[in-house]
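Peer 1: Predicted structure and sequence below. I'll ask about it afterward.
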Amino acid sequence: MSAILLVIHLLIALAMIGVILLQKSEGGGLGMSGGGMSGFMTGRSTANLLTRTTAILAACFFVTSIALAFIAGHRSAPRSIIESAPTQTAPAPAAPAEPAAPSVPLSK
């Protein structure tokens with residue numbers, strides 16, 4: 001499921017990049033003129049179509065981003081150290097052996 005959603009997410013991202021690059025620059029800072037589609041649609045209707053398409057693609061991008069984050073969060077839920085502790089109690093360590101009594105040095 002997450003692989004399919006990831007592919008859809010990437011396709012939306014690529015489509016959004018393409019639509020944004022098709023839009024005409026308002027500042028004209030790059031020196032490019034956008035008169036190539038004047039016979040197909042008017043400038044205003046093209047701008048409205050591209051703006052609406054960008055908004056729809058952006059909304060879809062956000063939805064798929066949230067869905068992917070939700071799936072990733074549920075897939076690898078963090079486990080508590082306390083919960084993962086062994087349930088069996090370990091045997092108590094044996095009592096340390098008592099040291100031997102000190103020996104008295106023998107005289108010569």
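Peer 2: Yep, it's here.
Peer 1: which helix of the protein spans the most residues?
Peer 2: If you go by DSSP state H, the chain has its longest helix at helix 43-75.
Peer 1: Quick check: mean pLDDT of it?
Peer 2: Mean per-residue pLDDT for helix 43-75: 88.
Peer 1: just checking, what packs against it?
Peer 2: Judged by 3 or more C-beta pairs under 8 Å, 6 or more residues apart in numbering; DSSP states H and E, the packing partners of helix 43-75 are helix 2-22. C-beta: built from backbone N, CA, C; applies to glycine.
Peer 1: can you count the residues close to the residue nearest to residue 61 when sequence neighbours are not counted?
Peer 2: Leaving aside its sequence neighbours, residue 61 sits nearest to residue 12 (C-beta to C-beta, 6 or more residues apart in numbering; 5.1 Å). Residue 12 is flanked by 20 other residues according to other C-beta atoms under 10 Å.
Peer 1: Report the separation between the residue nearest to residue 54 when sequence neighbours are not counted and residue 97.
Peer 2: Spatial nearest neighbour of residue 54, chain neighbours left out: residue 19 (5.3 Å); criterion: C-beta to C-beta, 6+ apart. Distance, residue 19 to residue 97, using C-beta to C-beta, to the nearest Å: 80 Å.
Peer 1: Who has more neighbours out of the two?
Peer 2: residue 19 (19 against 6).
Peer 1: ok, the residue nearest to residue 61 - contacts?
Peer 2: Residue 12 makes contact with 57, 60, 61, 64, according to C-beta atoms under 8 Å, 6 or more residues apart in numbering.
Peer 1: Just to check, the last one is in contact with residue 5?
Peer 2: Spelled out, it's residue 64. Yes: under the criterion of C-beta atoms under 8 Å, residue 64 makes contact with residue 5 at 6.1 Å.
Peer 1: Neighbour-wise, which one of the contacts of residue 12 leads?
Peer 2: residue 57 (20 neighbours).
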